[in-house]
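Undergrad: below: sequence and its predicted model.
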Amino acid sequence: MTTTAEPTRRKKRRRRRPTPEDRAHGVPQPSAAVGSDAGAAHAPDAPGSGGPAMGAPDAGGPQPHPGAVDPPRFVASPLKLSVVVPMFNEAENVEKTVARLGEALLGFTDGPWEVIVVNDGSSDDTWAIARALAARPEFPWLRVGGYQRNRGRGFALRTGFAMARGEWIVSIDADLSYDPAYILDLVGVLREEEDIDLVLASAYMPGGGVEGVPIRRLWVSRLGNKMLSWFMSSSGRKVNTITCVFRAYRRYVLDNLELESDGKDIHLEILSKALMLGYRFKEIPAVLRWRKHGASKHVFSHTAFTHLVFALFERPILVFGMIGLMLMTASIAGIAYILSIWLQHKLDPLHNQPLNPERPLMTLVVLTFLGGLQLISFGVMGALFVNLRKEVIKIQARLRQLSERHARHAADVARPVAVPGEPDPRNDK
């Protein structure tokens, strides 16, 4: 009888998969070369998510420049602070901004930090200058990201948030209209007050101020922030400055937000969704100074329009309800006038003309009353949609938390397991 020998099965050693914590702590991962930084490119994945987080731009958008995300030469595990600076045509300010940020952050003693410059499709030399600065040994903490087509401040901020690795994340304007020394004040609040989730620099609260801002811009900005504050504030949590980019966040706040805006209204979106999720904020007084170098990229008419539309969607019951109540009040006044004419004729028909049902006032009163009632109905429906949106945002945050928990669980399951008769892979280096 012929015996067929069974083929010997080779025992395979299970390789350890990189965990989200490895990505967050800068553990080198095998990856394809990106541009000139072969084998060392750092993908802008948010720590603990296994992929782009915090409303990171989708993969279908414009592709970044070769080597758009620099490999971190300032390796720290874990990073405490990330400062995100969106830039568009800021060639005159890049070097000054980076240098001033570095000087201000020398006083940060809570842990390692990084500065992330995001080139928002600049048409000048912003990209080249930022890359050159990142290669210099005096800026080991500088990282640069970007893309070829201008997509707006919101897109740039979302890109920077996705690249950030710090526990605290600060966003600031490229022209440093707020002194970067305020960064230490912002993160100081996060350090000392554990119940505060985000901190806003405010020029319009008591103790704040503005310097050198043109009168027209200042007046419109104050009026706009007053109006937005009226729409977005609630009992016990008034917001004085809503449109400012200069803020500090705890990482989990941005991790739990599904951000969508590409423009300047991203500041409103972040604050609105954060408040809907119950996060607590605090404002600190700061001085806003008009830029000294470069031209402002602010298109006032478009920004004002988008902010007004955002406010309308934030509290529609206030707009539609208020206008509806005014119309209904006017119609009631018209009805009272008509009744007074009718009563006068009834009491003294010889000296008072009878009420003419065909006079235009009758039609106007009816239309005004119905229009006011319709607008109030729109306001009520809008309030219902706002509550529904709030629930959707809560569900999105919960799904992000569950996704992160699942990724961590999968990483734990994929950890190396010792195979009998073979060396323990956990001892491999």
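TA: Nice, I can see it. Computed from a predicted structure; not experimentally measured.
Undergrad: make it CA atoms for all contacts and neighbour counts henceforth
TA: Fine.
Undergrad: and this structure, what are its domains?
TA: Domains of the chain are assigned by automatic domain parsing as 20-314, 317-413.
Undergrad: save the ones you listed as a markdown table, and put in mean pLDDT and mean neighbour count too.
TA: Below are the domains of the chain laid out as a markdown table (pLDDT from 0 to 100; neighbours: other CA atoms under 10 Å):
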| stretch | mean pLDDT | mean neighbour count |
| --- | --- | --- |
| domain 20-314 | 78 | 18 |
| domain 317-413 | 80 | 16 |
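Undergrad: ok, which stretches of the stretch 101-250 of the chain are strands?
TA: 113-120, 142-147, 168-171, 198-202, 209-211, 247-250 (DSSP state E, counting those that start in this stretch).
Undergrad: between these, which gets nearest to residue 182?
TA: strand 198-202 (8.0 Å; CA to CA).
Undergrad: pairing partners for the closest one, with directions?
TA: strand 247-250 (antiparallel), strand 281-285 (parallel) (DSSP bridges).
Undergrad: got CSV for those, with distance to residue 267 too?
TA: Below are the strands paired with strand 198-202 laid out as CSV (distance: least, CA to CA, whole Å):
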stretch, distance to residue 267
strand 247-250, 9
strand 281-285, 14
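Undergrad: next one: phi and psi at residue 81?
TA: Dihedral pair for residue 81: phi -140, psi 130, per degrees, to the nearest 10.
Undergrad: report the beta-bridge partners for it.
TA: Beta-bridge partners, per DSSP bridges, of residue 81: residue 113, residue 168.
Undergrad: hang on, it packs against residue 169?
TA: Yes - counting by CA atoms under 8 Å, residue 81 touches residue 169, with 5.8 Å between them.
Undergrad: circling back to that earlier point, can you put the strands of the stretch 101-250 of the chain in JSON lines and add distance to residue 318?
TA: JSON lines is the format used below for these (distance: least, CA to CA, whole Å):
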{"stretch": "strand 113-120", "distance to residue 318": "36"}
{"stretch": "strand 142-147", "distance to residue 318": "40"}
{"stretch": "strand 168-171", "distance to residue 318": "31"}
{"stretch": "strand 198-202", "distance to residue 318": "25"}
{"stretch": "strand 209-211", "distance to residue 318": "30"}
{"stretch": "strand 247-250", "distance to residue 318": "28"}
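Undergrad: could I get the full set of helices for the stretch 301-429 of the chain?
TA: Using DSSP state H, counting those that start in this stretch, the helices of the stretch 301-429 of the chain run over 316-347, 360-413.
Undergrad: can you give me every residue that contacts residue 272?
TA: The contact partners of residue 272, by CA atoms under 8 Å, 6 or more residues apart in numbering, come to 232, 314.
Undergrad: which one of the strands of the stretch 101-250 of the chain lies closest to residue 343?
TA: Using CA to CA, the strands of the stretch 101-250 of the chain put strand 198-202 closest to residue 343, at 58.5 Å.
Undergrad: ok now the closest one, how far from the chain's centre?
TA: 13 Å (CA atoms, centre = their mean, to the nearest Å).
Undergrad: what residues does that strand touch?
TA: 186-187, 189-190, 208, 240-241, 244, 246-250, 253, 279-287.
Undergrad: spit out the contact partners of the spatially most central residue of the chain.
TA: Closest to where the C-alpha atoms of the chain average out (CA atoms, centre = their mean) is residue 270, at 3.9 Å. Residue 270 sits next to 257, 259 when contact means CA under 8 Å, 6+ apart.
Undergrad: and it, that's in a helix?
TA: Yes - assessed with DSSP: H, G, I helix; E, B strand; the rest coil, residue 270 lies in a helix.
Undergrad: what about it, distance to residue 279?
TA: For residue 270, the distance to residue 279 (CA to CA, to the nearest Å) stands at 11 Å.
Undergrad: again, but for residue 287
TA: Per CA to CA, residue 287 is found 25 Å from residue 279.
Undergrad: could you do residue 117 as well?
TA: Residue 117 is 27 Å from residue 279, by CA to CA.
Undergrad: cool, and residue 181?
TA: 25 Å.
Undergrad: same question for residue 133.
TA: 37 Å.
Undergrad: try residue 370
TA: Residue 370 sits at a distance of 40 Å from residue 279 (criterion: CA to CA).
Undergrad: next one: residue 196
TA: Applying CA to CA to residue 196 and residue 279 gives a distance of 8 Å.
Undergrad: residue 144 is nearest to which of the helices of the stretch 301-429 of the chain?
TA: Using CA to CA, the nearest of the helices of the stretch 301-429 of the chain to residue 144 is helix 360-413, at 26.3 Å.
Undergrad: what about the helices in the stretch 101-250 of the chain?
TA: Secondary structure of the stretch 101-250 of the chain, counting by DSSP H, counting those that start in this stretch: helices at 126-134, 153-163, 182-192, 215-232.
Undergrad: reformat those as CSV; add distance to residue 363.
TA: Converted to CSV, these look like this (distance: least, CA to CA, whole Å):
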stretch, distance to residue 363
helix 126-134, 63
helix 153-163, 49
helix 182-192, 59
helix 215-232, 34
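Undergrad: wait, which of the ones you listed is closest to residue 376?
TA: Evaluated over these, closeness to residue 376 peaks at helix 215-232, with 16.9 Å, by CA to CA.
Undergrad: so what does that closest one touch, helix or strand wise?
TA: helix 300-314 (3 or more CA pairs under 8 Å, 6 or more residues apart in numbering; DSSP states H and E).
Undergrad: again, only this time at 10 Å
TA: The contact analysis (3 or more CA pairs under 10 Å, 6 or more residues apart in numbering; DSSP states H and E) places helix 215-232 against helix 266-276, helix 300-314, helix 316-347.
Undergrad: so what angle separates the directions of it and helix 316-347?
TA: 80 degrees (axes from the mean of the first three to the mean of the last three CA atoms, to 10 degrees).
Undergrad: distance from the chain centre to helix 215-232, please.
TA: Distance of helix 215-232 from the chain centroid (CA atoms, centre = their mean) equals 20 Å.
Undergrad: let's see that helix as CSV, backbone CA atoms only.
TA: The C-alpha trace of helix 215-232 is given here as CSV (Å, rounded to 0.1, in the frame of the first residue of the first chain):
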residue,chain,number,x,y,z
ILE,A,215,-14.3,102.3,10.5
ARG,A,216,-16.6,100.7,7.9
ARG,A,217,-15.2,97.2,8.4
LEU,A,218,-15.3,97.6,12.2
TRP,A,219,-18.9,98.9,12.2
VAL,A,220,-20.1,96.1,9.9
SER,A,221,-18.1,93.4,11.9
ARG,A,222,-19.5,94.6,15.2
LEU,A,223,-23.1,94.7,13.8
GLY,A,224,-22.7,91.2,12.2
ASN,A,225,-21.3,89.7,15.4
LYS,A,226,-24.1,91.3,17.4
MET,A,227,-26.7,89.8,15.1
LEU,A,228,-25.0,86.3,15.0
SER,A,229,-24.7,86.4,18.8
TRP,A,230,-28.4,87.1,19.0
PHE,A,231,-29.2,84.1,16.9
MET,A,232,-26.6,81.7,18.4
